[in-house]
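In: got a predicted structure here, sequence first:
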Amino acid sequence: MKKSMENGQEEMKQGQEEMKEMMEEMKKRQEEMKKELEMAKKKRKILSELKKEEMRAHVENQVEEMKEHVNRSIGKVE
């Protein structure tokens, strides 16, 4: 009976150790996922900024072309 209890306690101890290892592995994976999410957010932010800059440059270019067109048209009228 005593031997059986000792075996049961040993199995329980092993199970607890396995659970602890599994939880540590899960925590490690969660940290990795958190880092990946942060990187993805940074990439999206950079892409958004690049798109805004591209749009700004495009609008500036269009405005310059319109100014040139207006100035040429004014020159023709005079």
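Out: Nice, I can see it.

In: and residue 37, how many residues sit next to it?
Out: Neighbourhood size, residue 37 [other CB atoms under 10 Å]: 10. In short, each C-beta sits where N, CA and C put it, glycine included.

In: distance of it from residue 9?
Out: Look at residue 37 and residue 9: by CB to CB, to the nearest Å, they are 42 Å apart.

In: kindly report the same for residue 31.
Out: The value you get for residue 31 to residue 9, if CB to CB is used, is 33 Å.

In: repeat that for residue 61.
Out: Residue 61 is 78 Å from residue 9, where distance means CB to CB.

In: can you check residue 21 too?
Out: Going from residue 21 to residue 9 by CB to CB gives 19 Å.

In: residue 60 too?
Out: Counting by CB to CB, the separation of residue 60 from residue 9 is 76 Å.

In: quick one: low-confidence ranges for the chain?
Out: Along the chain, the parts satisfying pLDDT under 70 run over 1, 77-78.
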